[in-house]
Each structure stands twice: as structure tokens, then as C-alpha cells.
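K.L.:
curious how this folds, go ahead:
(chains A, B, C and D)
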Protein chains: 2
Amino acid sequence: MTQGGDADIATIGALVADPGRCRILLALGDGRALPAARLAAEAGVSAATASSHLGRLTNAGLLAVEAHGRHRYYRLAGPAVARLIEALQQLAPTTPIRSLRQDTRAQALRSARTCYDHLAGHLGVELMSAMIDRGDLTGGDGTFDPSHAQQDKRTGYGHDVDYTLTESGTSFVASFGLRVPAHRRLIRYCVDWSEQRHHLAGALGRSLLDRFTETDWIRRSDTSRAVHVTETGQKGLHETFGITLGR
Amino acid sequence: MTQGGDADIATIGALVADPGRCRILLALGDGRALPAARLAAEAGVSAATASSHLGRLTNAGLLAVEAHGRHRYYRLAGPAVARLIEALQQLAPTTPIRSLRQDTRAQALRSARTCYDHLAGHLGVELMSAMIDRGDLTGGDGTFDPSHAQQDKRTGYGHDVDYTLTESGTSFVASFGLRVPAHRRLIRYCVDWSEQRHHLAGALGRSLLDRFTETDWIRRSDTSRAVHVTETGQKGLHETFGITLGR
DNA sequence: TCCACGCTTCGATGGAGGTCGAAGCGATCC
DNA sequence: GGATCGCTTCGACCTCCATCGAAGCGTGGA
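P.N.:
Take a look at the predicted model:
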């Protein structure tokens, strides 16, 4: 009588029943995307074992994978996975002493981080959303569309079929002092891990990150991918994009 | 290097890796306390197997157990366990169709329910807190103290060492029309599952539940332990105890 | 005091899956 | 285009644990 979907949570539970898999999930817990070899090292297992783990986790929808050259980058598939990890940590026998530090670090990454060469996290998606609101970009509503994520799972990037730069966007690029590399596709997007919405990638995304760094709106961390927004940056982001970051 | 507390979440994960154990946790998911035999039936396993599961879950701190006569009642040890179950359900492949109904049912139980013969849930803890504020009870601040929960894990009940009825409390008992059984300890408390705070048990707790039912402030469900607060009850609770229930 | 009942412990059985080396498969570099 | 690198697949081994019957242990009732 209690068959079917009822105890299927046990199949998810089985995935977090192995120390190696848990170490993989913890390594990805802050939203980074890491290659398989790195995760094998983190888990302390051979490449073969790690591959088996990664396959099962991906198959179950806990991880997403992007192929970049001959590397395969794995990341958490969504915030629900992070919630699961947090719930497990809360119940773990020895409450990790560095949980606070770990938490603030993860918090910082969720708030604003770099994703390769562009901005991600809350700041990243707010920025893209603001540019759409301003009329600089058009073609999407900035919300998450799973069907696109599905299409682009292989590369991890979205194309510019959905988003295009408007005329006012072009003039903004000039007035804001963006130096946009010509040899790259102008607009790409990523599905943001922590927000489940798009953030801006491509040449435009990169030039924005560069310009923000130049004008000291943001400062990048040496040790992690977290991004700190300066007071100047908070003011500027509010005036230019209407973005107010929560504390 | 990644030893110690790090991968201990896998030991928790292992507990939710078994369908039988998951069915047990799901059966307890709304905060009820059920005897071992009932849980064996819910899980679809023998008493021996269920006992093994219950032992492991209790040992790991996911379940709490109260001995009543020759029965042993198991319940979730705290809200963190419920959060874990919810996180798992969210990731489960087939999102259960009755999740909405199940959720509202759990919601109702969290809001107000009976616990044996007295009130628990949000209403239960608010009631006890209000009586302390009014000066009817004294000796505790109504917040959760883990050290007491530890002491009382064996019985599941707290003693009256912390809480005593004041003079004004005595007159309230009379004026409110409470008929307090003489042969029972007047004041006990339980650590509320969903609130992690104390709610009122003992003879006083029971007589309050009886009186509320008499005056039609609340109506008890036939099928579950959920409690419905009538309009009269909402008004009365507000006027007498200063309690305003959310929506 | 003896029996019935609820639950736990013990011991034996069987299946699921974590592990790694070796081989296979693309992609990249020189 | 051959060598190297990153990753996956395959096959074999072995440990862990879910399961149940039977026995043991309190509690409650007659």
C-alpha cells in the first residue's frame, strides 16, 4: 500500500549515504563547478570510483555537468540540493566547528561571485534583470525556463537566441565605458546555481565585470570566487541599475 | 585531511538510505508519537527489523522515545529531522501527488494539536507562554532548554520543579471554570516537537483542553490529532490570554 | 503466580553496492 | 598523426547491512 513514490526518498537518501559522495557534495556546496579529477581528490577515491559516484549523482538530478574541452565540470543542480546538505549537516553528530565560517563563505558566494569571467550569484541575476528592465537587453523575462537549461546542459551556456542588445543597450555600452572584446559572442547566459535564473555571460558579461573592477565598484577575493561590493559600488549599482543589495 | 566531522553527514545519510526507515520517518513526519508495532506495520517489516531501525534512528538522535507502560512511543526528535525529510521529498524523483494535502495536514498539526490529553503545537506553547506572562505560572521563561530535554528523555515529560502555579493562577483556575483532577500531578510540560519550547501537560493541561472543548473554543478532529480553533475561540484566546493566532 | 503481550537481542542468510586496476574513448598538444 | 591527458566503462572482489525466526526480558492483566 505504501509503494510507489512514497519511499523514493530512500533512493535520494542512498546517494548521501556514502562518505565519498558526501565529500563531493560538500566540495560543491558553495556552488562552484569542479572537474571530475578534482572531485576525486576531494573525496579521496580513485578516478574510477569518483566517476561512478558522479554518474549516479548526475543521473539522480543532484548534479549538473558541463563539458569544457576534455574536462567535465560538475556542480550542484539547484538550491534544493544545497538545502539537503544543510539539513544533513545540522543533524550530523559532531556539529562542525567551522560551520559558521563555512556558512558565511557560502553566503558570500550566493550573494555575489564570479563565474569564470563574469558575475553570478544574486548580484549577477539582478544585474541581468535590471538591464532587461532598462531596455538594454530584450528577449527574455529573466526568469528561469527549465526547457532551456535542458537544451544547454551539454555546454552549460545559453546562446543569444533569447537575448539581444537593443539600441539603448549599445549606447549604454559606450557611455558606461565598456570595452567589449570583439572575438567573442556578445551575449551568453548561464543558469545561476543559487538563484535558478539567468545571469549574464559572454563578452558583455565579461566587460561588465572588468569595468566594475576598474571603477572599484567591486573587489574580487584572492582565495575564493566571492565578490565584495564596495560602498561606491552599492551607490553606483543603485543609481545606474536600480539595484539595492540586501545588507 | 577531510577526516573527522566532515563526512559524518554520510552516517546521517545512511539512515535515510533504507526504504523501511524512510517509511517510519514519513509516518512520524507530522509530529505524532507512535508505538513500535505500528511503525513496523507502516514500514512493512517484522517487529525485529523495525526494532533495529528504531534503535539506530534513536541512537543517532533522529528519533526520541517515550516509554508508556509496555509500549514505547517514538517521535521525531526535532524540527531539523522534519526539514531533512522535506529536503529529501523535494528531490525525490516522483513528487508525491498528495504532497499538498500532506503538507496542509502537517501544517495543521504544527499549528495546533493534541498531545495525549493536552494541547500542543503553536497554540500549546503560546498558551503556556501566555500563562507565564499573566503570572499564573512561574519558574520558567517558556523557552527551550536542551539540558532539561536531555534529563527527561526517558519519560518524555518534565516535572513541576520548574513551573509552579501562583496565587493568581489558582484564582484563574476557579474563575475559568477548570475542573482539575486531583489524582494527577498538577503541572507537567512536554518539549514540543514543532516548536522546541514547552507546552503545558499534567492535570492543568488536561483541564484546559477539556474546558476549551466545552466552551467550543476548539474542536477536535475525528481522524487526526489536529485541533480547529473556532471564531469564538480566537476571540476568547485573545481576550483572556492575549494570544493572536496567525491567519 | 502464571500467562499474554510488546519489544529487543541474537544468529544466520542473502543481496546490494563501494572499491580499484585495466582497458576503452575523445579531446588536446606538440 | 602519434603521444598524452581526462574521464568513463568493465569486471572482480569484498564489506556492510537489511531481513527474519527464535529466544529473552519487562510490563500488565487474570
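K.L.:
what packs against the helix or strand residue A:204 falls within?
P.N.:
Residue A:204 belongs to helix A:202-214 when assigned by DSSP states H and E. Judged by 3 or more C-beta pairs under 8 Å, 6 or more residues apart in numbering or on different chains; DSSP states H and E, the packing partners of helix A:202-214 are strand A:118-120, strand A:188-191, strand A:218-220. Backbone N, C-alpha and C define where each C-beta goes, glycine included.
K.L.:
how is chain A divided into domains?
P.N.:
A:6-96, A:110-241 (automatic domain parsing).
K.L.:
residue A:56: what's it in contact with?
P.N.:
A:15, A:21 (C-beta atoms under 8 Å, 6 or more residues apart in numbering or on different chains).
K.L.:
could you dump the domains of chain A to CSV with mean pLDDT and distance to DNA strand C?
P.N.:
Putting those into CSV (pLDDT from 0 to 100; distance: least, C-beta to the nearest atom of the strand, whole Å) gives the following:
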stretch, mean pLDDT, distance to DNA strand C
domain A:6-96, 89, 3
domain A:110-241, 77, 11
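K.L.:
nearest to residue B:12, of the ones you listed?
P.N.:
domain A:6-96 (4.9 Å; C-beta to C-beta).
K.L.:
just to check, residue A:198 is in contact with residue A:205?
P.N.:
No: with contacts counted by C-beta atoms under 8 Å, residue A:198 stays clear of residue A:205, the gap being 10.6 Å.
K.L.:
quick check: residues of chain A near DNA strand D?
P.N.:
Residues of chain A lying close to DNA strand D by C-beta under 7 Å from any atom of the strand are A:35-38, A:40, A:47-48, A:50-52, A:54-55, A:65, A:70-72.
K.L.:
which among those count as buried?
P.N.:
A:36, A:38, A:40, A:50-51, A:54, A:65, A:72 (16 or more other C-beta atoms under 10 Å in any protein chain shown).
K.L.:
quick check: the farthest pair among those residues?
P.N.:
Farthest pair in these (C-beta to C-beta) is A:40 and A:65. Separation: 14.5 Å.
K.L.:
residue in chain A nearest to DNA strand D?
P.N.:
Closest to DNA strand D within chain A is residue A:37: 2.7 Å, counting by C-beta to the nearest atom of the strand.
K.L.:
check which helix or strand covers that residue.
P.N.:
Residue A:37 belongs to helix A:36-43 when assigned by DSSP H and E.
K.L.:
quick one: the helix or strand that comes right after that helix to helix A:36-43, angle?
P.N.:
Reading on from helix A:36-43 to the C-terminus, the next helix or strand found by DSSP H and E is helix A:47-59. With axes from the mean of the first three to the mean of the last three C-alpha atoms, to 10 degrees as the basis, helix A:47-59 and helix A:36-43 are set at 100 degrees to each other.
K.L.:
and the next helix or strand after helix A:47-59, what does it pack against?
P.N.:
Later in the chain than helix A:47-59, the nearest helix or strand by DSSP H and E is strand A:63-68. Packed against strand A:63-68 by the contact rule (3+ C-beta pairs under 8 Å, 6+ apart) you find helix A:47-59, strand A:71-76.
K.L.:
in a markdown table, list these along with distance to residue A:175.
P.N.:
Output for the helices and strands packed on strand A:63-68, formatted as a markdown table (distance: least, C-beta to C-beta, whole Å):
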| stretch | distance to residue A:175 |
| --- | --- |
| helix A:47-59 | 44 |
| strand A:71-76 | 35 |
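K.L.:
before we move on, back to that, including distance to residue B:126 and mean neighbour count, could the helices and strands packed on helix A:202-214 go into TSV?
P.N.:
Output for the helices and strands packed on helix A:202-214, formatted as TSV (distance: least, C-beta to C-beta, whole Å; neighbours: other C-beta atoms under 10 Å in any protein chain shown):
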stretch	distance to residue B:126	mean neighbour count
strand A:118-120	42	27
strand A:188-191	43	25
strand A:218-220	46	17
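K.L.:
which one, of the ones you listed, ends up nearest to residue A:227?
P.N.:
That would be strand A:218-220 among the helices and strands packed on helix A:202-214, by C-beta to C-beta, at 5.1 Å.
K.L.:
what packs against that closest one?
P.N.:
Partner elements for strand A:218-220 (3+ C-beta pairs under 8 Å, 6+ apart): helix A:202-214, strand A:227-229.
K.L.:
other residues contacting that strand?
P.N.:
A:112, A:114, A:119, A:209, A:212-213, A:227-230, A:233.
K.L.:
what's the ChimeraX line that selects buried ones from the residues you listed?
P.N.:
Buried residues among the contacts of strand A:218-220 (16+ other C-beta under 10 Å), as a ChimeraX selection:
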select /A:112,114,119,209,212,227,229,233
